[in-house]
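Peer 1: sequence? don't have it. structure:
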DNA sequence: TGCATTTACCTAATAGCTTTAGGCAAGTGG
DNA sequence: CCACTTGCCTAAAGCTATTAGGTAAATGCA
């Protein structure tokens, strides 16, 4: 009997692919076993539980997204940086909807602490350094950016913008324009 | 044997309560049957499927949220309206996290068409009438508002803002201030 | 190379959720 | 008061999650 060569790593990556194909909430230990043509119980040597699998996929997605965002950000500043970062988010969500959902999976505190979540916040702070905000405004602004990016991307993914003109791309550019202007014209009344 | 008096309505409402207690993704036909002290199969005379149940809860949540938002909006305009509407969203999400998640449940096109989703968009347009935007700006702005509200509320619900200062309420007020200013100072460079 | 150990995957079993088919008794209308 | 509708039930099949314990493949060491 030839062994399948399962490892936690491979299972996690395959789980991420599965998520993109069938949706994160459809990712199941059984489906993953089928994909490797292996019995379900066999996965339990590599994964603690179904939750464990989902958590690992979430952590993978957060890493990937942080890496992509970091690459997009390299060498840019100001609106250029803002746009590059935002596009990295949106592109990732469009190319990897299951992984993007995974990145929104609620992690337990220890997993969250070990995640790339901190890098995401750091990068937003870096972007805001190109604008002139003092505390606590910059924290507020980090939260606003996070809200807009996540909100837009998830509404778009849910099909919220697909059945009306103008198209989603246009509103996205408009939104980034407005955000940039808001951050530059500071403070305004 | 005394009958339990099940109806689709009652099941949907109980499902919504269940969602708030244990999370929308934990809402299950079995759990609902337990709550009514009735056998699982009995629910299938009132519900087509587990999906059907979730869809009904989603529609209920969208209605409730639209009603609350409409009430909050009544007699207000400008920033006052913006704040009242946004607070209605946020308060609903905080008081009814399961229902709020339900309202984000992806509906099939027919369910979506029959939902209160349209009212939500209409109300945002009504708010924007207090600012001076022409098409396509007002559509872009509707999308931005939706993104910010949903994004903020869902990040807050996920605990994203709970472990750092300043507190979430402050950032929320700041955000609404900024949005209002952005919409008033129009256009800006 | 040959044996011992580890490890990868398996069978078997339990338990929960979903869904369908068919039955009986409680309520309802003529 | 009898016929009918309808509400809830039992039974059963299929899928997922998870654990316990077994066997064969890979690995390490003499």
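Peer 2: Received, thanks. Bear in mind the structure is a predicted one, so any value in this text is a computation, not a measurement.
Peer 1: what does chain A have sitting close to DNA strand C?
Peer 2: A:1, A:3-6, A:38-39, A:41-42, A:45-46 (CB under 7 Å from any atom of the strand). Heads up, the C-betas are built off the backbone N, CA and C, glycines and all.
Peer 1: Assess the claim that residue A:100 and residue A:156 are in contact.
Peer 2: No - assessed by CB atoms under 8 Å, residue A:100 is found out of contact with residue A:156, at 10.7 Å.
Peer 1: quick one: common contacting residues for those two?
Peer 2: Overlap of the contact sets of residue A:100 and residue A:156 (by CB atoms under 8 Å, 6 or more residues apart in numbering or on different chains) consists of residue A:93.
Peer 1: if you count what's nearby, which of these two comes out ahead?
Peer 2: A count of neighbours by other CB atoms under 10 Å in any protein chain shown puts residue A:100 above the other of residue A:100 and residue A:156, at 24 against 20.
Peer 1: Can you tell me how far that one is from DNA strand D?
Peer 2: Residue A:100 is 20 Å from DNA strand D, where distance means CB to the nearest atom of the strand, to the nearest Å.
Peer 1: Please name the residues that touch that residue.
Peer 2: A:61, A:65, A:92-93, A:153, A:157.
Peer 1: Next one, pLDDT for residue A:187 please.
Peer 2: Residue A:187 is assigned a predicted lDDT (pLDDT) of 65.
Peer 1: Buried residues, the helix or strand containing residue A:169. List them.
Peer 2: Element membership of residue A:169 [criterion: DSSP states H and E] is helix A:168-184. For helix A:168-184, burial by neighbour count (16 or more other CB atoms under 10 Å in any protein chain shown) applies to A:168, A:171-172, A:174-183.
Peer 1: And stretch A:106-122, by the same measure?
Peer 2: Buried residues in stretch A:106-122 (16+ other CB under 10 Å): A:107, A:111-112, A:115-117, A:119-121.
Peer 1: Stretch A:90-105 now?
Peer 2: A:90, A:92-93, A:96-105.
Peer 1: just curious, which of the residues you listed is nearest to residue B:138?
Peer 2: For the buried residues of stretch A:90-105, the minimum distance to residue B:138 (CB to CB) is 22.0 Å, reached by residue A:90.
Peer 1: Show me the contact partners of the helix holding residue A:169.
Peer 2: Identification of contacts with helix A:168-184 by CB under 8 Å, 6+ apart yields A:78-79, A:82-83, A:86, A:90, A:128, A:131, A:133, A:141, A:144-145, A:148, A:152, A:156, A:161-162, A:188, B:136-137, B:139-140, B:143-144, B:147, B:178, B:181-182, B:188-189.
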